[in-house]
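Engineer: Let me see the structure of the following:
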Amino acid sequence: IFKFLGAISVDLGKDRIKPYLPTILTPLYRELNSNYAEQDPTLKNLSQEIIELLKKLVGLEDFSLAFSSVQKQASQKRAMRKKQRALQTVANPDIAARKKLKRHKNKAESRKRKIEFLRPTYKAKRARSNALKDLAMVE
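Structural biologist: Residues are numbered from 1 along each chain as shown. Down below sits the predicted model:
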């Protein structure tokens, strides 16, 4: 898709690409700014190359305006999602409590897995899976 975006932008030319610049920059910015574990370095390099190509094609001033608008939009979305999560915990405390319990349970399990990986002779105690207890409502 990134190669397609680059080819389209070169094909359209300087004047016809300007209205579509924020739309093109959005996935490129997301890839550059992402920090997840299984990130493909070739994608990051490709997005950087396409951004450089767009910078040369459109000019630094127009590119900077479009890129800053994409950055601003992404930060606003991030802030809105954070606010929604905070409001969700206040509005629905029972759902928030269930999520918190699940998070703590997963954390304990991952800690046990890590200990078993580091010390193979040690066997951590595992919680028995009680199907009825897991289905019970949190009070």
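
Engineer: For residue 89, give me its contacts.
Structural biologist: residue 96 (CB atoms under 8 Å, 6 or more residues apart in numbering). (Glycine included, C-beta is placed from N, CA and C.)

Engineer: can you list the weak-confidence ranges in this protein?
Structural biologist: Regions of the chain meeting the criterion pLDDT under 70 cover residues 37, 124-139.

Engineer: From residue 115, how far out is the residue of the chain positioned farthest from its centre?
Structural biologist: For the chain, the largest distance from the centre (CA atoms, centre = their mean) belongs to residue 121, which lies 37.3 Å off. Counting by CB to CB, to the nearest Å, the gap from residue 121 to residue 115 is 11 Å.

Engineer: circling back: quick one, phi/psi of the residue farthest from the centre of the chain?
Structural biologist: Dihedral pair for residue 121: phi -80, psi -20, per degrees, to the nearest 10.

Engineer: Could you do residue 70 as well?
Structural biologist: Torsion angles, degrees, to the nearest 10, at residue 70: phi -70, psi -40.

Engineer: Is there a neighbour count for residue 70? I'd like the number.
Structural biologist: 21 (other CB atoms under 10 Å).

Engineer: nope, residue 49 is what I was after
Structural biologist: By the measure other CB under 10 Å, the count of residues near residue 49 is 14.

Engineer: Please, which helix or strand holds it?
Structural biologist: Taking DSSP states H and E as the criterion, residue 49 maps to helix 41-58.
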